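Asks: Here's a sequence, model it:
(one chain, ligands or ions: 2)
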Amino acid sequence: MIFSKHNIFSKIKDSENFFIVNLLTGNADIVSPNDAQKIIEIRNSKPVADANFMAELVEKGYWVDEKEEAKLYRNKYLDFVDSRNDDEIQLFFVTNYSCNFACSYCYQDEYAPSQGVLTTHIIDKFFLYIQNEFAGRKKYITVFGGEPLLNSPKQKELISYLISKANAANLDVSFVTNGYSLVDYVDILKHGSVREIQITLDGTASVHNSRRFLKGGAGTFDKICEGVDACIANNITVNLRMVADKENIENLPELARFAIDKGWTTSPFFKTQIGRNYELHHCQSAPDKLFSRVSLYEELFALIQQHPYIVEFYKPAYSISKFLSENGNLPDPLFDSCPACKSEWAFDYTGHIYSCTATVGKADESLGTFYPEVSRKDDMINAWENRDVMSIAECSTCNMQLACGGGCGSIAKNRTGNVCSSDCRPVTELLELGFASYFEK
Ligand code: SF4
Ligand code: SF4
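Replies: Ligands and ions are numbered 1, 2, ... in the order given. As a prediction, this is how the structure comes out:
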């Protein structure tokens with residue numbers, strides 16, 4: 001018998017207690033300091049003369065027969081691969097790379113403006129491709145940019161056309177927008193089966209306007225808020241995203257208060273996310289303002305302790321902690337956290353196909369074309385399709401693999417040149433915070 005290779009065991013932040021989690025068997029426990037000492041001894045291969053305790057560890061799969069564990073792992077992996085084939089596919093479509101904003105941290109400024117413009121013929125070719133390629137699969141479209149909802153008659157015509165094609169194909173659509181012209185688009189959006197509109201708001205007026213301004217410098221906060229109000233009033237779900245770094249995180253309590261006072265947080269058509277501003281594509285001018293994954297969550301933990309109402313606006317996931325607290329059980333083992341070329345693809349108006357939003361628009365990441373001709377770079381596609389914790393050497397021996405899933409393939413590729421390499425998530429540290437937030441307090 002061995003201490004399971006999938007146990008994640010550590011001390012809960014600001015507590016004497018510990019936690020142990022095992023995603024393979026689906027068990028999680030809070031452990032007293034006394035029992036934690038026994039686990040430390042067991043982990044170090046020292047015998048523990050407490051038969052009841054050992055029996056409980058066996059029952060919960062923390063102390064296992066190695067061969068049985070390998071068998072269970074194989075079976076769960078096969079279940080995972082089976083269920084992945086039924087997953088809904090998210091198909092991003094970039095209508096243009098141009099934008100009316102000049103955000104201080106925009107990564108897309110590195111892309112040379114592409115040739116050509118979107119036409120209804122290209123939209124037809126996109127729908128033809130996805131209906132052939134993903135026939136029989138559940139799918140939906142997310143319209144992306146640049147800024148897809150630019151306030152020009154031509155753009156409105158194209159977005160209306162795209163929505164009518166999606167309706168004819170019985171597909172939902174989502175939009176990722178800076179939100180500036182939303183008010184002008186609500187009547188068009190109402191004709192579609194719109195799943196959600198993702199809008200970025202980086203803080204209250206002065207903070208947001210110092211980061212996300214129009215080309216020319218004018219503020220954008222008030223118009224975005226009008227757009228959020230208009231969507232909610234029309235039962236269109238808003239997913240409000242704050243892009244956080246050290247320059248705006250202190251404004252989170254104020255933004256949360258603003259959203260609460262607006263009545264947004266009690267609407268069933270409102271949800272939020274916090275995205276980390278990070279160096280995915282090229283060096284930012286001030287990298288020291290960026291959070292690491294752990295430091296962002298440590299900051300959120302501290303802010304929520306000081307301003308508990310923040311959770312009405314945003315509840316951090318802290319790896320699988322929030323899921324466990326809300327569902328009373330662990331999620332299924334995560335053999336792969338990167339949906340690229342499995343349940344996510346990206347397409348742009350130039351006719352190119354990419355793995356996802358992290359690679360879209362990068363010429364050397366193109367995986368083929370849907371227009372003017374259909375073509376596929378099968379070697380590159382296979383590398384993305386085969387990426388999971390079984391195929392990444394570092395992950396196969398990592399005790400956190402079933403919570404981490406190997407991270408992001410694009411970040412891994414930027415780091416090592418190889419898609420099939422690791423992008424480590426600080427799972428243990430996040431669970432230390434998560435158990436403190438959702439179970440100890
Ligand atoms: S490469 Fe990264 S951004 Fe792209 S789908 Fe995978 S995890 Fe997401
Ligand atoms: S990416 Fe890193 S932390 Fe995640 S499973 Fe692989 S080795 Fe472990």
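
Asks: how close does residue 291 get to residue 104?
Replies: 16 Å (CB to CB, to the nearest Å). To be clear about C-beta, it is placed using only N, CA and C from the backbone, and glycine gets the same treatment.

Asks: For stretch 302-317, give me every contacting residue.
Replies: With CB atoms under 8 Å, 6 or more residues apart in numbering as the contact definition, stretch 302-317 has outside contacts at 242, 249-250, 252-253, 255-257, 259-260, 265, 272-274, 297, 300-301, 322-323, 433-434, 437.

Asks: Mind doing that once more with 7 Å?
Replies: If you take CB atoms under 7 Å, 6 or more residues apart in numbering as the criterion, stretch 302-317 is touched by 252-253, 256, 259-260, 265, 272, 274, 297, 300, 322.

Asks: Tell me the residues of the protein that contact ligand 2?
Replies: Taking CB under 6 Å from any ligand atom as the criterion, the neighbours of ligand 2 within the chain are 389, 392, 394-395, 398, 400-401, 404, 406-407, 422-425.

Asks: List buried residues within those residues.
Replies: Among the residues of the chain next to ligand 2, the ones that count as buried by 16 or more other CB atoms under 10 Å are 389, 392, 395, 398, 400-401, 404, 406-407, 422-423, 425.

Asks: Would you format these as TSV with secondary structure included?
Replies: Formatted as TSV, those follow (DSSP: H, G, I helix; E, B strand; the rest coil):
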residue	secondary structure
389	coil
392	coil
395	helix
398	coil
400	coil
401	helix
404	helix
406	coil
407	coil
422	coil
423	coil
425	coil
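
Asks: Quick check: which ranges of the stretch 201-350 of the chain have low pLDDT?
Replies: Counting by pLDDT under 70, the ranges of the stretch 201-350 of the chain that qualify are 279-286.

Asks: Mind doing that once more with 50?
Replies: With pLDDT under 50 as the threshold, the stretch 201-350 of the chain has low-confidence stretches at 282-283.

Asks: so whatever residue of it ends up closest to ligand 1, which of the three states?
Replies: Using CB to the nearest ligand atom, residue 338 is the residue of the stretch 201-350 of the chain that sits closest to ligand 1, at 3.3 Å. Assigned state for residue 338: coil (three-state reduction, three-state DSSP).

Asks: Let me see the ranges of the strands in the stretch 1-150 of the chain.
Replies: 2-3, 7-11, 18-22, 27-31, 63-64, 89-94, 139-144 (DSSP state E, counting those that start in this stretch).

Asks: Parallel or antiparallel, which strands does the fifth one pair with?
Replies: What that stands for is strand 63-64. Strand 63-64 has the following sheet partners, assigned by DSSP bridges: strand 2-3 (antiparallel).

Asks: Give me the average confidence score over the partner strand.
Replies: Per-residue pLDDT over strand 2-3 has a mean of 94.

Asks: which residues touch it?
Replies: 42-43, 63-64, 66.

Asks: Where neighbours are concerned, which of these has the most?
Replies: Among these, residue 64 has the most neighbours (other CB atoms under 10 Å), with 23 neighbours.

Asks: list the contacts for it?
Replies: 1-2, 4.

Asks: Of the residues you listed - the most surrounded one?
Replies: Each of the contacts of residue 64 was scored by neighbour count (other CB under 10 Å); the top score is that of residue 4, with 22 neighbours.

Asks: Need the pLDDT of residue 114.
Replies: Confidence for residue 114, expressed as pLDDT, is 67.

Asks: does the residue positioned nearest the centre of the chain belong to a helix or a strand, and which?
Replies: Per CA atoms, centre = their mean, the C-alpha nearest to the average position across the chain is that of residue 275, at 8.3 Å. Residue 275 is located in strand 270-276, with elements delineated by DSSP states H and E.

Asks: tell me how far the following helix or strand past that strand is from the chain's mean position?
Replies: The element immediately downstream of strand 270-276 (helix or strand, assigned by DSSP H and E) is helix 293-306. Using CA atoms, centre = their mean, to the nearest Å, the mean C-alpha position of helix 293-306 is found 18 Å from that of the whole chain.

Asks: next SSE after helix 293-306?
Replies: Following the chain from helix 293-306 toward its C-terminal end, the next helix or strand by DSSP H and E is helix 310-313.
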